[in-house]
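*Asks:* predicted model, plus sequence, below.
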Amino acid sequence: MRCNHCTDAPCVAICPTTALHKRTDGIVDFDTDRCIGCKSCMQACPYDSLYIDPHEHTAQKCNYCVHRVEIGLEPACVVVCPEHAIVAGDLDNPQTEIAGLVRTRVTTVRAPEQGTGPNLFYLGADGASIDPLAATSLHDGGIWREPAQAGSFMAVDLTPGPNGRKSGGTALKDHSSAPPRVVYNTDHPAPWGWRVSAYFLTKGIAAGLAIAVAMAMLFGAALDNAWMRWATPLVAGLFLALTGALLVWDLKRPDRFHYLILKGNPGSWLVRGAYILSAYAAVLAAWFLAGVFEVDGLVEVMAWIGLPLGLATAGYTAFLFGQAEARDLWQSPVLLYHMIAGAFAAGGGMALVAALFFEVGDTAERAFGWTLVIGAAVLGLFALAELATPHPTRNIEAAMHHMTRGHYAREWWIGGQLIGVVIPVILGVITLSGGATWIGATGGLAAAAGIWFADNAFVKAGQSVPLS
């Protein structure tokens, strides 16, 4: 796929190491030596123009043959095309052929609703040719990709002849009102998989534990027990370390993970998230040391500082997903609140599990129960809101179908809503009404499992809509 060299290129904004950058001449170029293989640019590009090089394990794309352009040559695709079907040049120079064509002819661009300002224009293109959602996909692999499985298509001449008849003389059925069909395609593996979904959960637990302690302090609980003093920051820190490990593991070039700090793009929420996680880790470390060495005043200070950093840790991924502009499902305005609610549910639930092993006091247990119930209930309300809200694009409609009625429906409904919302709310209310702590702890484990199922369905469904 050709790069559209967008005026407002989302791949440049999300790239954490400025491997992708926009030149002064408008070309979006790529520096392989800076790429960490995070695949975020693939999620940001609405035109499916980026891919992972199987040898370098870095992202790659068309760069307008910048090495040729710089010495006065045209891109290779322009030179090799025998019909002059590809025209390139300076759009800002009215004397160039391409500027004249764009000025005087009717042209179309792909996905104009994304607001990227693409600079790749099509002349005379049928709408179905540049709209991936206009065609229905075959499930036999396509006639060119797997001919052994597509014998029926290879054996029949589908070219209409005179009077709507094929060359063999048998009348063809009129398909003029049917949607076009995909006959050639290749694999489009989802860039982000289970490690990203797991990172949602581990990050939510790490953030939620500090939120649960803050809720307990608001309820009047004292910081005079091991869980509140040093065990909370220790367990939260372990889950935060697991979060970092998942992030690094998901990179195609994990050996370059330190580029996030050393060569970071401050406009990328992947970099901003790294700063937030680092700050939260530092506070958890100070909290743990203050608790171990019984510096009472510092424990309380670090616990309160942990609240806003916990909220930031839980919520920053919403802004990262917001930069993934190719995935319309992820642009939900409630995603930030959904992630914070998930942290409440996971943190309250895991704190109730801890209460089975640590003496935290009745006040703290009650606060943990309310944290669990509030978080799970809000998750359910947001799910209902997403179902009831009209979806502004076909991309969102298709992704929502896959998530709630299609391939991921069981995971989303049974795992995310039943296990992750209904059961935690019921068991949490039972505990708040005088039930045993283990009942609420069971609800907490269910909430954690449900967050995994719902977020896994969300991550996968967002990537299930074709971009090309």
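*Replies:* Done, it's in.
*Asks:* all strands for the stretch 151-300 of the chain, in order.
*Replies:* For the stretch 151-300 of the chain, the strands defined by DSSP state E, counting those that start in this stretch occupy 181-182.
*Asks:* so where's it uncertain?
*Replies:* For the stretch 151-300 of the chain, the stretches with pLDDT under 70 are 151-179.
*Asks:* mind listing what the closest residue to residue 118 other than its chain neighbours touches?
*Replies:* The shortest distance from residue 118 to any non-neighbouring residue, by C-beta to C-beta, 6 or more residues apart in numbering, is to residue 4 (3.7 Å). From N, CA and C alone the C-beta is placed, and that goes for glycine too. Counting by C-beta atoms under 8 Å, 6 or more residues apart in numbering, residue 4 touches 47, 49, 109, 110, 116, 118, 119, 120.
*Asks:* pull out the buried members of those.
*Replies:* With neighbours counted by 16 or more other C-beta atoms under 10 Å, the contacts of residue 4 contain buried members at 47, 49, 109, 110, 116, 118, 119, 120.
*Asks:* can you pull the contacts of the first one?
*Replies:* Taking C-beta under 8 Å, 6+ apart as the criterion, residue 47 is in contact with 1, 3, 4, 110, 111, 118, 120, 326, 467, 468.
*Asks:* and what of the fourth one?
*Replies:* Neighbour list for residue 110: 4, 46, 47, 118, 120, 122, 130, 131 [criterion: C-beta under 8 Å, 6+ apart].
*Asks:* tell me which of those residues is nearest to residue 221?
*Replies:* Taking C-beta to C-beta as the measure, residue 221 sits nearest to residue 46 out of the contacts of residue 110, at 48.7 Å.
*Asks:* need the nearest residue in space to the residue most central in space within the chain, chain neighbours excluded.
*Replies:* What sits nearest the mean C-alpha location of the chain, by C-alpha atoms, centre = their mean, is residue 321, with 4.7 Å. Residue nearest to residue 321 in three dimensions, not counting chain neighbours: residue 330, with 4.0 Å by C-beta to C-beta, 6+ apart.
*Asks:* the closest residue to residue 319 other than its chain neighbours: neighbour count?
*Replies:* Using C-beta to C-beta, 6+ apart and skipping the chain neighbours, the partner closest in space to residue 319 is residue 269 (4.5 Å). Look at residue 269: counted by other C-beta atoms under 10 Å, it has 22 neighbours.
*Asks:* who are the contact partners of residue 269?
*Replies:* 14, 316, 317, 319, 320, 322, 323.
*Asks:* give the buried subset of the residues you listed as a ChimeraX selection command.
*Replies:* Buried residues among the contacts of residue 269 (16+ other C-beta under 10 Å), as a ChimeraX selection:
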select :14,316,317,320,322,323
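*Asks:* quick check, nearest of the contacts of residue 269 to residue 369?
*Replies:* Each of the contacts of residue 269 was checked against residue 369 using C-beta to C-beta; the closest is residue 317, at 26.4 Å.
*Asks:* perfect, I'm done here.
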